[in-house]
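Engineer: Using only what follows, build the 3D model:
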Amino acid sequence: MRGHPDVLAIRYQIYSTARKWEMAAEVARAISTIVPDDSFGWIYWAFSLHELKRTKEAWNVLIPVADKFPQESTISYNLACYACQLGNLKDGMKWLEKAVDLAGKKDIRMMALDDPDLEPLWAEIGDL
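Structural biologist: Here you go, the predicted structure:
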């Protein structure tokens with residue numbers, strides 16, 4: 001049962017808690033392969049890559065599946081973070097606005113104003 005998606009999700013949680021991002025990325029990648037219609041693997045594969053300072057790769061993991069999960073605010077939020085860190089503030093704001101539309105203004109604004117990845121947008125976040 002080691003390859004079962006539920007077991008892999010627990011393994012991901014263990015690796016991420018231990019901040020073993022290489023292993024976490026591999027497990028999340030496996031989840032995205034086994035259950036491609038579940039956003040969990042995609043989100044956490046990208047997040048692990050971002051934690052490894054491989055933000056361009058994280059962007060490249062999520063951007064092709066963003067339309068596949070149009071109601072998943074975490075994908076929009078993470079794409080906002082990755083865009084900002086890659087220096088594309090216009091795309092960052094666009095993705096952040098989408099996350100706000102999906103998850104609610106108050107929750108996303110508070111999280112965004114505490115997220116160092118979105119610091120380049122902090123002044124604009126107040127206008128959301």
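Engineer: what's in contact with stretch 21-34?
Structural biologist: The contact list for stretch 21-34 (C-beta atoms under 8 Å, 6 or more residues apart in numbering) reads 3, 5, 8-9, 11-12, 15-16, 38, 40-45, 47-49, 51-52, 61. Just so you know, the C-beta spots here come from the backbone N, C-alpha and C atoms, and that holds for glycine as well.
Engineer: and if we set it to 10 Å?
Structural biologist: The contact list for stretch 21-34, computed with C-beta atoms under 10 Å, 6 or more residues apart in numbering, reads 3-18, 20, 38-54, 57-58, 61, 65.
Engineer: Out of these, which sit inside helices?
Structural biologist: 5-17, 39-51, 57-58, 61 (DSSP state H).
Engineer: Compute the inter-axis angle for whichever helix or strand residue 29 is part of and helix 39-51.
Structural biologist: Assigned by DSSP states H and E, residue 29 belongs to helix 21-34. Per axes from the mean of the first three to the mean of the last three C-alpha atoms, to 10 degrees, the angle that helix 21-34 makes with helix 39-51 is 150 degrees.
Engineer: Flag every buried residue along helix 21-34.
Structural biologist: The neighbour-count criterion (16 or more other C-beta atoms under 10 Å) identifies 21, 24, 25, 26, 27, 28, 29, 30, 31, 32 as the buried residues of helix 21-34.
Engineer: So for it, mean pLDDT?
Structural biologist: Mean pLDDT, helix 21-34: 97.
Engineer: go on, stretch 72-85?
Structural biologist: Averaging pLDDT along stretch 72-85 gives 97.
Engineer: In that stretch, which residues are buried?
Structural biologist: For stretch 72-85, by 16+ other C-beta under 10 Å, it's 72-85.
Engineer: Equivalent analysis for stretch 114-128, please.
Structural biologist: 115, 117, 118, 120, 121, 125.
Engineer: How about the contacts made by the third one?
Structural biologist: Residues near residue 118 by C-beta under 10 Å, 6+ apart: 77, 80-81, 83-85, 89, 92-93, 96, 111-112, 124-125.
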